[in-house]
Structures are given as C-alpha cells and as structure tokens.
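[1] Quick check, what structure comes out for this input:
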Amino acid sequence: MDKLKPTQFDKVLQRIKNNKLLSAVLLLGMFLIAVGSFTDALTKIIAFISTEPTRLEVTDILVLPDKEGTKILDIRIVNNSKETITVSRLRLKVFSFEGKMAGFSRSKSYSPISAEYSVNLGELRAKGQKTEISIAHDLESGKADRFAVVVGMKNLKSEDHYAWKLDTELVTNVGIANGPKVSIDLP
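    Numbers count the residues shown, from 1 in each chain. Model (predicted):
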C-alpha cells in the first residue's frame, strides 16, 4: 500500500511537534484563553444568580388631606443599592372602588417633600383600571427621600364622595418597586 504524500498542513504540524519551545508557547496560549473564557463565564453566571430585584424600597405611602377635593400621596423611598436609581413613573391600579362614601383619614408629616406631581382619578371607576403618573426623580445610593402626588378628581361636587383602594408601583431604571396598597377617598 502506498503511503499518502504529506500535505502542507501535515508538514507544519510536524515542525511544531518537533519544536519544544513553540509547542510550549502554543499550549500556554491555549491554557490562558481557556482560563479567560472560564473566568468570564463564571463571572456572568454569578452576576445572573445574584441579581436582586430592584433595591429601591417604598418605605411608606401616607394619604394626607390637601385643599378641598384633593388628597396628597406622601411617598417615602430609600435607595439600598450602590447606584443612583431613577424613578420614572408611578402606577396606580384600582383593586376596589366605591362611590358616595364619606370620610377620610388624616396624617401629619414634618419632613420636607422634595417634589410634587399630580393625578386625576376621575376616570378610574372599575377594578383593574390603571393610570400612570410621569415622574422624574433621581435617588442616590444610600439616600432616602419623599415626594408627593396630589390626587384629585375634576368636577367633584361637595356632596359626592368616592373611595379607591389602589395598588402602587414605582417604575425605575432598575425594575419595579412595589409599594403598599393605599386607600383614598374624595372629597
């Protein structure tokens, strides 16, 4: 049987095998590439596993009386992360609505409010309906803050009374921060 004539690749491979220094350099290079790839993959796996939900905590939401026909949602937040978190929206979702209900709760707060926004609840009359309030609020790492949302209803008559129970969510650049349920009644 005739031996096959070696190809150009076979000749180069044979030269590498015969050169111990070149073989060692190639093995070292392959080892370093493998270690680098493994380290990168391991870092990504650890980051994926240890990814926490948003570390913005809604510590409290108070419903405060305001001028006639409106209430204030006093929203208190703490940033427990190592980065600045931007709050972009507040979502309110109705989980209960009643009309013609009188009375409201009163709360007091003495710390200053850093920003104020407003929302009209007049269109929210059924369970599951939602509204979003645009917010531009940055909170640095390790800081706490408060902002207010003035809640009202257009064309509200003094003899009318409405009550909502709402789910609250803050939409941020790092995810959703769920707040407590709040009860609001107007006027």
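[2] which residues touch V87?
    By C-beta atoms under 8 Å, 6 or more residues apart in numbering, V87 lies in contact with L56, I77, I135, H137, D138, L139, L170, V171, T172, A177. Heads up, the C-betas are built off the backbone N, CA and C, glycines and all.
[3] could I get those as TSV with neighbour count, pLDDT and secondary structure?
    Converted to TSV, these look like this (neighbours: other C-beta atoms under 10 Å; pLDDT from 0 to 100; DSSP: H, G, I helix; E, B strand; the rest coil):
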residue	neighbour count	pLDDT	secondary structure
L56	23	82	strand
I77	23	88	strand
I135	18	84	strand
H137	19	81	strand
D138	12	85	strand
L139	20	83	strand
L170	23	85	strand
V171	17	85	strand
T172	22	83	strand
A177	21	82	strand
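[4] List just the nearest of those residues to A115.
    Closest approach to A115 among these (C-beta to C-beta): H137, at 6.0 Å.
[5] surely that closest one meets F147?
    Yes: taking C-beta atoms under 8 Å as the definition, H137 is a contact partner of F147 at 5.9 Å.
[6] Between these two, which contacts overlap?
    Counting by C-beta under 8 Å, 6+ apart, the shared contacts of H137 and F147 are S114, A115.
[7] which residue sits closest to E57, ignoring its sequence neighbours?
    Computed as C-beta to C-beta, 6 or more residues apart in numbering, the closest residue to E57 that is not its neighbour in sequence is V78, at 4.8 Å.
[8] The one you found: which element?
    Assigned by DSSP states H and E, V78 falls within strand 70-79.
[9] How far does that strand sit from its chain's centre?
    Relative to its chain's centre, strand 70-79 lies at 17 Å (C-alpha atoms, centre = their mean, to the nearest Å).
[10] helices and strands of the protein: which one has the lowest mean pLDDT?
    Ranked by mean pLDDT, DSSP states H and E, the weakest helix or strand in the chain is strand 85-99, scoring a mean of 78.
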